[in-house]
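>>> Structure for the following, please:
(2 chains)
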Amino acid sequence: MRSSRGASRLEFVALAVAVLTALIVAAPVISLALTALQPAADVWPHLLAYVLPQSLRDTAWLLLGVGGLTLLIGTATAWLVSSHDFVGRTLLVWLLPLPLAVPTYLSAYVYVDLFEPLGLAHRTLTLLLPAAQAVQWLPNLRSLPGAVGLLALVLYPYVYLSARAVFQAQSADAIEAARSLGAGRLTIWRRVVLPMARPALAVGVALAALETLNDIGASEYLGVRTLTVSVFTTWLNRGSLAGAAQISLVLLGFAALLITIERIGRRHANVEFSAENPRLRPRTPLHGAKGGFALLACLLPALLGFVVPAAYLVGESLRRGRIDPSLARDALHTVALASVATVLALALGLIVVLAARWRGGRIARSAAAIVQLGYALPGLVLALGLLMPLLALDGALVALAQAIGLASPGLLLMSSGGAVVAAYVIRFLAVPTGMLKAGFQRIPRDYDDSARAAGAGPLVRLSKIDLPLLRPALVGAAILVFVDCLKELPATLLLRPLNVETLSTSIYQYASRGSFEEGALAALIIVAASIPPVIWLTRFSDLPE
Amino acid sequence: MSRRFRTAALALAAVVLPAQAFAAEQVNVYTYRETKLVQPLFDAFTKDTGIAVNVISASSGLEQRMKAEGANSPADVLLTVDIGRIDEAVAAGVTQPIQSAVVDEIVPPRYRDPDGHWAGISMRARVIYASKDRVKQDAITYEELADPKWKGKICIRSGQHIYNNALFAAYIAKHGEEKAEAWLRGLKANLAQKPSGGDRETARDVAAGKCDIGIGNTYYWALMMNGDPDKKPWAEATRVILPTFEGGGTHVNLSGVLLAKNAPNKANGVKLIEWLLGEKAQQIYANANYEYPIRPGVPLNPTIAGYGKLTADSLPIAKIAAQRKAASTLVDKVGFDN
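Predicted coordinates:
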C-alpha cells in the first residue's frame, strides 16, 4: 500500500515536470503572440509595400526549390543504392548521408569562396580562358537559385535516409505480384513503389524544408531575403519587435504546415512498416555504362555536399598552419553549453515520455506533443520569443535578491549562458522525446506488468528494466542533441553572454567580415564532430541486410 | 569526486559563472567592432588603468538587446561602427549623456551629439575603388555616379547596408528626397550586378573585371593591402579615389561611442571613453583599424595618407542621421537591391 502511494506521488511529480516543460517550450510562442499584439503600425505600411511580398516570394521559392531538389536527389540516390548493385555502392551508402554534417551556413561560405571571382574556380578557368571571359562562366551563388542549390546539397540526406529505409523494406511480394501481372518497370514504380514510399518522402522533405526555414546564416549571406531574414532586419534595423513578432507568426504558420505534412507522412509510414518481416528483394546488378551512370549520380551529390566543403576546410586549416589562441576557449564554451543542454534535454525528455507512459491521460500526452513542437521553431524566432520571458525571470530574480537584502545578481540567466542553454533545450527537446517514445514502444508492456506484480516500484522498473533497454535510444539522442547544439547559430548569436564565443558564432564573425577561411579550423571541428552522429543516424534507419 | 565529474563541473562553471564576477574593477562593452580589432585597444586600456574589459561583439542588434535587458543590463559602453547604429541606440533610449570635459574638448562639435549622447572616435570615408587599368579619371563626384556613362560598370553592396544607408542619407540631406530618388535610380541603372557581398567583395569584383568602379570604405582597402596576402591582389588592381559632393567634400561616417543609460560601472565607462580619445588609443585606432583619428594632430597611417588629402564634407553628422529612415525607404522604393 505504501509503495503504491509513493509510486503515485512519483508519477504525479513526473506529470508536473512534464507539464512545466511543455509550458516552457510554449513560452516563446506565447510571448511572441503577446508581442505581436502590440501595435506596430509605423512599420506595417512599409513592410506590406516593400518587404513582405518579396520575402514571402523568396521563402516560397526557396522552400519549393529545396523541397523539389532534395526530393529528386534523395529519392534517386536512395533508390539506386537500395535496389541496385554497382561498383562503389557500399562506399556510397556511407558517403551519401554525410552532407548532414555540414551546417548550411558553412556550405554557403565555402562555395562562395570557391566560386567568387579570383577564387579557385575562377583561377582554374583562367587556365583555359581569358580572365574576363572566365568570370562570365562562374555561377552566381549569391542568388535564389544559388541558395536553392546549396541548401539542397546539404539537406537532401533527410530524404535519402527516410527513402532508403522504405526502399529497403518495400514488400518484395507486392512488386513480384505486380510483375507477374505484366506491369512494366515504370508502372511498378508509379503504382507500387512510389505510393508505398510517399509518406516517408513527405517526412524527409518536410524535415529539409524545416531546416530551410530555420536557416539564416546561409540565406543572409547569399542575399536571399526570406521571412527569417526579414524577422531579423525588422527587429534590428527597423527597431520593431512587434513587427518582427508578427512576421515570426507568419513564419510559424509555414512551420506548422510542414509539421502537419510530416505528421501525416509519419502516420502512414507506420502503417507501411507494420509488415513484420519484410522480405528483402535482391538488388539488380548494374554493369557497364549503367553502372557508371549510377555511380556518378550518387557520387556527385556526396562530393558536392560533403567532400568538397570538407576538403576545402582541411586545406585552408593546413594552409594557415597556426591555431587561433581563442579557438580552445571557444571550443570549451561550445562544449560546456552543449553538454549542459544535452543533459537537461535528455532528462526532461525522459520525464515527459515517462509521464505519458505511467499516467497516460490527455494532459500527459498533450505535454509530450507540445514538447515536440519546439523543433519547428526556427532558432531566431525562438531566441526572439525567449528574450522577454527570460528577462522577466531575470528581473524577478533581481527583485527577489533585493527584497531579501542581497546584492543584485544582474541578469543571471542572460549573463550565465542559461539563456543559450534554454534555447537549445527548447529547440532540441523533440529529439530525445521522439526517440525515447519510439524506444519505449519497443519495450513490451508485459515487462512492466510483471515487474509491477513482483512489487517493483516505478524507480526500480526504470533503472532495472527501462533504462538498460533504452540505452541505444538515450545514447543516440544525446549525440544528436549535442551536435545540433554545436552547430546552432542564430539563437546563440542573440543570447550569448559577455566574453563568450562559440565555434559557430566565431565562424559567423569571420564570415561577416569577409575572411571566413580564417575560421576554417573551427568549422572543421564542427563538421568532424558531426560525422559520427550522421553515421549513427544511417545505422538507425538501416535494416539488417 | 571522480576526475570525470570534476572536469565536467569545471567546464560547467566556466559557462555558468559570469566572468565579470571575478574582476574588481571592470567595464562592460557591447561592440559592433570585431573582437579581434578592438582587443588590442582594450588590452592597452586594462594595462593603463587596471580596469578589466568584458566584451560582447555582434554584427547587429546590440542596442535592441540593451533595450530588452532594460534596467538590469550589464552594458556600460556601446561601440558602434556607424551613425546609423548611433542613431538607433539613442532612439531606443538606451543611452545617457556623456558628461566629460575631455570629450567636449577633443571631439569637434559636428562629430558629436548636441545633447551629448554620443561622440565620434574615428572617421572613415565612403570612397571609390577604381580599376587601375580601366578608369582614367582622377576625380569623381558622388552625383556623377548616376551618369549613364558608367552604365553596367559599378559594383556596390546592399543599399540597405548601414554604410550605403548613410551615404544615401547624406545625399538626401544635401539635395532633397526627390533629387536623391532620381540619383538612386540612375545609380541602380549603372550597376554591373545585383548589390551583394561586402566592400571587400566589391574591390574583388573590380579586380576580376566584373565592374570598373566599386564603392567602399577607406579602411577595407588598407586592410586588404596590408593584411591577408590572399587579398592583396584585390587592392593592387584598384586605386582609391576620394570622391566629393559637387561643391562639397567627401562623405565621412563615424565609428562612435555611447554611454549606456543603466551603466552599472558608469565611472569606468566614462574613463574608457576618455581613454579611447587619448593620443595613444587614437594611434592604435589609426594603425590597427586604418581609420582617420578624430583627435586632431594624430598622424594618419601611411596607406590612408596615400589616398590624398581628405576634405570631409561639412554637413553635420546629426543632419545625416536624421535622413536614415528616408534613405532606407528610398532603397526599397526604387528596388535598389532587387
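>>> going forward, measure contacts between C-alpha atoms and count neighbours the same way
OK.
>>> May I see the buried residues of the helix or strand hosting A:P533?
Element membership for A:P533, per DSSP states H and E: helix A:520-540. Neighbour-count burial for helix A:520-540 flags A:520-524, A:526-527, A:529-535, A:537-538 (criterion: 16 or more other CA atoms under 10 Å in any protein chain shown).
>>> Could you tell me how many residues sit around the one residue in the stretch 251-400 of chain A that gets nearest to chain B?
In the stretch 251-400 of chain A, the residue that lies nearest chain B is A:A336 (5.5 Å; CA to the nearest CA). For A:A336, the neighbour count with other CA atoms under 10 Å in any protein chain shown is 24.
>>> Give me the angle between the helix or strand containing it and helix A:520-540.
Using DSSP H and E, A:A336 sits in helix A:326-359. If you take axes from the mean of the first three to the mean of the last three CA atoms, to 10 degrees, helix A:326-359 sits at 30 degrees to helix A:520-540.
>>> What helices and strands are in contact with the helix or strand just after helix A:326-359?
Using DSSP H and E, the helix or strand that follows helix A:326-359 in sequence is helix A:361-372. Counting contacts by 3 or more CA pairs under 8 Å, 6 or more residues apart in numbering or on different chains; DSSP states H and E, helix A:361-372 is packed against helix A:2-37, helix A:326-359, helix A:430-441.
>>> Might you report the residue contacts of the spatially closest residue to B:T311 that is not a sequence neighbour?
Nearest non-adjacent residue to B:T311, counting by CA to CA, 6 or more residues apart in numbering or on different chains: B:G249, 5.3 Å away. B:G249 makes contacts with B:P243, B:T311, B:A312, B:D313, B:S314, as judged by CA atoms under 8 Å, 6 or more residues apart in numbering or on different chains.
>>> Up against chain A, what does the stretch 151-300 of chain B have?
Within reach of chain A by CA under 8 Å from any CA of the partner chain, the stretch 151-300 of chain B has these residues: B:S196, B:G197, B:G198, B:R200, B:E201, B:R204, B:D205, B:A208, B:G209, B:K210.
>>> wait, which of these is closest to A:V431?
Closest approach to A:V431 among those (CA to CA): B:G197, at 36.0 Å.
>>> Distance-wise, check A:L144 relative to A:T260.
According to CA to CA, to the nearest Å, A:L144 and A:T260 sit 26 Å apart.
>>> I should have written A:G149 there, sorry.
From A:G149 across to A:T260, the span is 25 Å (CA to CA).
>>> between those two, who's got more neighbours?
Taking other CA under 10 Å, A:G149 and A:T260 do not tie; A:G149 has more neighbours (20 against 13).
>>> So the helix or strand hosting that one, near chain B or not?
Following DSSP H and E, the helix or strand that holds A:G149 is helix A:144-169. No - Helix A:144-169 stays clear of chain B (CA under 8 Å from any CA), getting no nearer than 11.3 Å.
>>> Give the burial count for residue 144, as a bare number.
Here I'm looking at chain A. With neighbours defined by other CA under 10 Å, the count for A:L144 comes to 21.
>>> nope, chain B please
If you count neighbours by other CA under 10 Å, B:E144 ends up with 17.
>>> which phi and psi does it have?
With angles defined as degrees, to the nearest 10, B:E144 sits at phi -70, psi -20.
>>> Now do it against B:L254, distance only.
The spacing between B:E144 and B:L254, counted by CA to CA, is 24 Å.
>>> now swap in A:K437 and tell me
Counting by CA to CA - A:K437 and B:L254 are separated by 56 Å.
>>> Who has more neighbours out of these two?
A direct count of neighbours by other CA under 10 Å for A:K437 and B:L254 places B:L254 higher, at 24 against 21.
>>> right, and the more buried one touches B:S122 too?
Yes - in this structure B:L254 lies within contact range of B:S122 using CA atoms under 8 Å: 5.8 Å.
>>> and the closest residue to A:A121 other than its chain neighbours, what is it in contact with?
The shortest distance from A:A121 to any non-neighbouring residue, by CA to CA, 6+ apart, is to A:F115 (5.4 Å). Residues near A:F115 by CA under 8 Å, 6+ apart: A:A121, A:H122, A:L138, A:P139, A:N140, A:L141.
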